[in-house]
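*Asks:* everything below, folded, please.
(3 chains)
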Amino acid sequence: MLIEKYADRIEKTFSKYPDKRSAVMPVLYIAQEEYGWLPDEAINEVADICDMDPTQVRSIAGFYTMYSEKPKGKYWLQVCTDLPCALRGADKFHKELKEYLGVEEGGTTDDGMFTVEHVMCLAACDKAPMLQCNFHYVENLDMDKMKALLDEWRAEAKEDK
Amino acid sequence: MFSGFWMTIKHAFMDRPTISYPEERRPVHERFKGRHALKRYDNGLEKCIGCSLCAAACPADAIWVEAAENTDDERYSPGERYAKTYEINMLRCIFCGYCEDACPTEAIVLEHEYQLSFTNRRDAIYTKDMLIDNPPEGREGTPQTVEPGAFDRSIPDMENPK
Amino acid sequence: MSELVTIYIDGQPYEVPKGANLVDVAKFYADNGIPVFCYHPKMEPVGMCRMCLVELGTIMRDRDSGEVITGENGEPQVRWFPKLQTACTTTVTDGMVVRTNTDAVIEARDDMIEFLLTSHPLDCPICDKGGECPLQNLTMAHGPGRSVFYWEDKVRLAKHVPLGELIYLDRERCIQCARCTRFQDEIVGDDVLAFHERGRELQIITVSDPPFDTYFSGNTTDICPVGALTTADFRFEARPWELKDIASLDVYGPEGANISLSTRLDRDAGGIVIIKRVMPRQNEAVNEIWISDKTRFGHHHTRAAERLTKPKVRVGDRLVEAEWDHALEVIRKHIKPNVSVGAIAGPTLSNEDLWELRKLAQAVNAGAKLSIYPATMTGGDIIAQVGVGVGTNFKDMGSGTTIVVVASDIEEEAPIWYLRTKVAGDRGAKILVLNARETRLDHYAADSIRYDYGAAVSAVNDLAKHEAVTNAENLVLICGAEGMTLEQHGELMNACANLLVSTGHVGRPNNGLLAVWEGANVQGAFDVGFSTEATAEMMAKVPDLLFIAGCDPIGESAEAAGLSKAKFIVVNSLFDTPTTAVADVVLPSQSFAERDGTFTSGERRVQRFYPAQGVIGQSQTDWRIFASIRNGLNGSAVQRLTAGVFKELAGEIAAYEGLTYPALAVVERQFPDVGGDDLYYGGTAYQNNGGLGVQYPATSEAEGAKPSKFATKGKKTSYKGLTAIPVNRLYDRGYLFKYSDELMQQRIGEPFVVINPADAANIAGGSRVGVTIDGVQYEALAVVSEDAPKGFVLMPKRLTSQPGPFAPAAIETIEVIAEPVGA
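*Replies:* Sure thing, here's the model as predicted:
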């Protein structure tokens, strides 16, 4: 249960807002951290915590791309493909990355390691092509660099186990 | 006087305009508007979706439609809706063909049958069973049990203008 | 009246109220229908659909002198906005200039229609909205008539998504106007609908459990500007143009909600005209344009298979069908001089029925007891004295008004009052909730005051010092009777009246008392001379001859069991009920849909309803039955028409003096003007063609009237041991609603009791328990929750087929019959 496990953090979040309802977004992040994505049970818990209707919480989770409504891999790769990035080859990079990993848009590799999807502007146009891996920026990419990185992450994950 | 006789004699040897109806029947024009028929698709499903637009268009108020909902287990027509009751009062019908024009699925067609006679008013009401065509050969009639989701649209899809 | 300003619409000047919405104003004053999809006059504008784009400007004035600047031709100069503006998000100001028919505006509308149609399916022939669809109508009126988009690009989405049991969603048809989500959020407060995703993926969702759980869901289908939301009840029943709308009234609640019955001939119902759907009818003073789901979907009893079609007469221990003449003859034979007579009137009898019943009972015995069922509340005379003033309208209540709700869960008992109280609260009115337990309205209350069951009177007396009451400009008290005996409720009504009189909140609009009567015409019954005290007396001393009409006391109320001891019982009923089972003669009466008449609402508004449905069997109107018995008895003249009965009644009852059927049928134009053919504005079929009704004045409104003081003893009752508190539920198995179709049956739910955790020592939530009261065991599902105060068990009335207690009753034992499933 989130409310027990993260009692302090939730309490701290609530203190920043006039009412519980306003704190729904930070609490959703906590839920996403815990579950990896936002399954129905997470939504229901957040709704309980923030004293809202689950439908409203689901609506917020659906609107913002930072919340994932599907289970995703250990590494969540969000490639920016907006215009400035695309002009610097992000489109092609995104496509090649998907081909390399053998996934569809928004799909996850069979080993559950990587999820690839495109996102709207991440404000790093000068360092395109770039992507965001679990909310950390990785910039000035090309496929060679990417392949090295992927291997690195795979090794990292193995160590963790 | 002779011209009169001549006329009679001439007509006596002309082809007879009368035919021995009902053994013989005169052919009708291609666009003749006779009794209605409710059509089916090639797969046996009814074209009529029970939208009641024919009844709305009918100037004589001769058509009565009551609709109901299709399910995939008991499917009468494509889409969600079908005609549960479909009746035409042939005493009222003026065979204008507006129903044919109003039909969005070309389900109702005025065919060439014109032998409509009844001995009481109730018989003048043609029900859906009497109006609907037989299913195409080798196809079952309605209701049918179909694959879920196979027929979810009532109106055939439109195509882009060429 | 608010300040007026001058605005110019398409060159014409109009005097309009300052600060009003431009769309409303253009419609009402200029008869200029600015097309809208997302805007709704009852909700906050959002400007989402962009259909209402107009050219907007203001007349230029000199900054120093304030003079209007005129151009060369003497015309005032207008400073136009550089781009088109949404009319729905514009409030009118002085000197505003609006153009609604220029090329730019027309092009904008055309483009909006074209865009909307890119993903709207061509479903019109099978769509329940087809024929009364705002999108369809506006497409005919405005669109370009062609599209530059590809057909293949149309979205294909699920077409048959149930949102709860009552409402279906067609995702393809949705044009994302957010009217439904805003209605649920702003007006009802059950925000169980929301948008999900964004852009072209935007969809309406509900993930609440149970989904779309609200008492007002049907209203979303009316305000939906397309056929995206449709009701399961009306699904494919008929096309809108085939329906005939008949004005009628809600039969379930005290609010007097105005409805329209859409009727059509039906083959399955044996070729009679039946109700296909119930729609709200605009009456801004009563229900605006909203009705509860019970009103909307609870019409199936009018043609239920169980309806009685012929009179029945007791032969030995059996009731056998008989002809009318015979049945009436049997009744007349049992009417002997000086026999003691009682009449029990149900809450759905019209004023005319009540009048004829009274005349009949008094013709037999002048001292006849005239009583009302259910006998849970009293004080109809108090309402006639200090009830809300004429012209009271929840819509006018806002800042400065205090609404106090006492001893009632009005969401369950009077949903329209709940809705309107809640919205008044949003406008700034202070809501005070006095109850022994938490109710939904507490959520919106400025203050919730808890008392112990039995101590409501002193809680009301203490209110006199409450800051929200002392500072109130206007004060409305809404009084229920939860957890009370009849006597206690009399005390409470006195206390409420006393509070209003002592604070001077009587005799003017938006001030006074409302009682949450259990039924549509309880106020009328009080007015005609019936009382609930008589019911109590009658239950104590059962009269020899008993007339029961329009109710099922023996089947519903444990207290009424003794009535069967009456020597001769005549029951007018729609159905075979436990009450008809003990009757000597059963007469089939007509439902509200088959006949005309008048109801008097809780706000003392006398309103008419009209015949809509074909008559079932040989059933007859209640008043006609009573009149024919009386006629055969002493040959006294009887009226032939309902209007005649009402005229007679109005001549005898002082409060109804001067009321006539034509006066009740008068319709005035209402603001906002949502009736009519332009369905895009307010939604579907709201036109009022049956009359707005007339609210008769309370006696405290008369000039120079000095309302009398109301004395209360202020006695508290304390309960020892576990006590059952009967509570009202909107969906129950009451006399009429029990015969609803399956759709409503699944919403009623199982019988349950709510037990406080402290009292539920060895009872797990979800287990089946047997609650024994007065030697009778009631089986129910146990809900363990803080909703029930400690020491009390909430027992909803009329959920079981067993007659239950209607007044607080001591519980002997609670035993667990079965543990919860899965435990």
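
*Asks:* measure C:A637 to C:L328 for me?
*Replies:* For C:A637, the distance to C:L328 equals 17 Å [CB to CB, to the nearest Å]. Using the backbone N, CA and C atoms, a C-beta is placed for each residue, glycine as well.

*Asks:* which of these two has more neighbours?
*Replies:* C:L328 (22 against 8; other CB atoms under 10 Å in any protein chain shown).

*Asks:* quick check: that one touching C:F626?
*Replies:* No: contact criterion CB atoms under 8 Å: C:L328 and C:F626 do not qualify, at 10.6 Å.

*Asks:* what's the lowest-mean-pLDDT helix or strand in chain C packed up against?
*Replies:* The helix or strand of chain C with the poorest confidence is helix C:679-682; it has a mean of 87 (mean pLDDT, DSSP states H and E). Judged by 3 or more CB pairs under 8 Å, 6 or more residues apart in numbering or on different chains; DSSP states H and E, helix C:679-682 is in contact with helix C:134-141.

*Asks:* for stretch C:90-107, buried residues please.
*Replies:* C:90, C:92, C:95-100, C:105 (16 or more other CB atoms under 10 Å in any protein chain shown).

*Asks:* so after the least confident helix or strand of chain C, what's the next helix or strand?
*Replies:* Going down the chain from helix C:679-682, the next helix or strand is strand C:694-695, by DSSP states H and E.

*Asks:* give the other helices and strands that the helix or strand just after that following strand contacts.
*Replies:* Counting by DSSP H and E, the next helix or strand C-terminal to strand C:694-695 is strand C:723-727. Other helices and strands packing on strand C:723-727, by 3+ CB pairs under 8 Å, 6+ apart, are strand C:792-796, strand C:809-810.

*Asks:* reformat those as a markdown table; add distance to chain A and mean neighbour count.
*Replies:* Formatted as a markdown table, these follow (distance: least, CB to the nearest CB, whole Å; neighbours: other CB atoms under 10 Å in any protein chain shown):
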| stretch | distance to chain A | mean neighbour count |
| --- | --- | --- |
| strand C:792-796 | 23 | 24 |
| strand C:809-810 | 35 | 18 |
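
*Asks:* now these in JSON lines, please, with extra columns for mean pLDDT.
*Replies:* Converted to JSON lines, these look like this (pLDDT from 0 to 100):
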{"stretch": "strand C:792-796", "mean pLDDT": "95"}
{"stretch": "strand C:809-810", "mean pLDDT": "94"}
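
*Asks:* a markdown table please, covering these and showing distance to C:V390.
*Replies:* Conversion of these to a markdown table gives the following (distance: least, CB to CB, whole Å):
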| stretch | distance to C:V390 |
| --- | --- |
| strand C:792-796 | 35 |
| strand C:809-810 | 40 |
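
*Asks:* for those, give me a markdown table that also has distance to chain B.
*Replies:* Formatted as a markdown table, the helices and strands packed on strand C:723-727 follow (distance: least, CB to the nearest CB, whole Å):
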| stretch | distance to chain B |
| --- | --- |
| strand C:792-796 | 33 |
| strand C:809-810 | 46 |
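
*Asks:* among the ones you listed, which comes closest to C:E55?
*Replies:* strand C:792-796 (57.4 Å; CB to CB).

*Asks:* then that closest one to PDB, C-alphas only?
*Replies:* Presented in PDB, the C-alpha positions along strand C:792-796 are these (Å, rounded to 0.1, in the frame of the first residue of the first chain):
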ATOM      1  CA  PHE C 792     -28.100   2.400  15.600                       C
ATOM      2  CA  VAL C 793     -28.600   0.200  12.600                       C
ATOM      3  CA  LEU C 794     -29.700   1.900   9.300                       C
ATOM      4  CA  MET C 795     -32.400  -0.200   7.700                       C
ATOM      5  CA  PRO C 796     -33.600   1.000   4.300                       C
END
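
*Asks:* show me what it is packed against.
*Replies:* Using 3+ CB pairs under 8 Å, 6+ apart: strand C:792-796 touches strand C:723-727, strand C:752-755.

*Asks:* can you pull out the helices in chain A?
*Replies:* A:2-5, A:7-15, A:24-35, A:40-50, A:54-63, A:83-87, A:90-101, A:143-160 (DSSP state H).

*Asks:* cool, the stretch 501-650 of chain C as well?
*Replies:* C:522-528, C:532-540, C:553-556, C:578-581, C:622-634, C:642-652 (DSSP state H, counting those that start in this stretch).

*Asks:* from the ones you listed, which stretch is densest packed?
*Replies:* helix C:522-528 (a mean of 28; mean count of other CB atoms under 10 Å in any protein chain shown).

*Asks:* any idea which element the closest residue to B:G141 other than its chain neighbours lies in?
*Replies:* Leaving aside its chain neighbours, B:G141 sits nearest to B:P135 (4.4 Å; criterion: CB to CB, 6 or more residues apart in numbering or on different chains). Assessed by DSSP H and E, B:P135 sits outside every helix and strand.

*Asks:* return the residues in contact with B:P135.
*Replies:* For B:P135, the contacting residues are B:40, B:44, B:141-142, by CB atoms under 8 Å, 6 or more residues apart in numbering or on different chains.

*Asks:* do you know how far it is from C:G512?
*Replies:* On the measure of CB to CB, B:P135 and C:G512 end up 69 Å apart.

*Asks:* output the helices of chain A as TSV; include the columns mean neighbour count, distance to chain C and mean pLDDT.
*Replies:* Converted to TSV, the helices of chain A look like this (neighbours: other CB atoms under 10 Å in any protein chain shown; distance: least, CB to the nearest CB, whole Å; pLDDT from 0 to 100):
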stretch	mean neighbour count	distance to chain C	mean pLDDT
helix A:2-5	13	17	87
helix A:7-15	14	19	93
helix A:24-35	18	12	93
helix A:40-50	20	7	94
helix A:54-63	22	3	94
helix A:83-87	16	17	91
helix A:90-101	18	19	92
helix A:143-160	12	28	89
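
*Asks:* and of those helices, who's closest to C:V457?
*Replies:* helix A:40-50 (37.8 Å).

*Asks:* packing partners of the closest one?
*Replies:* Packed next to helix A:40-50, using 3+ CB pairs under 8 Å, 6+ apart, are helix A:2-5, helix A:24-35, helix A:54-63.

*Asks:* and chain C, what are its domains?
*Replies:* Under the assignment automatic domain parsing, the domains of chain C span C:4-110, C:119-231, C:312-375+C:522-664, C:380-515, C:723-818.

*Asks:* quote the end-to-end distance of stretch B:82-97.
*Replies:* In stretch B:82-97, first residue to last residue: 21 Å (CA to CA, to the nearest Å).
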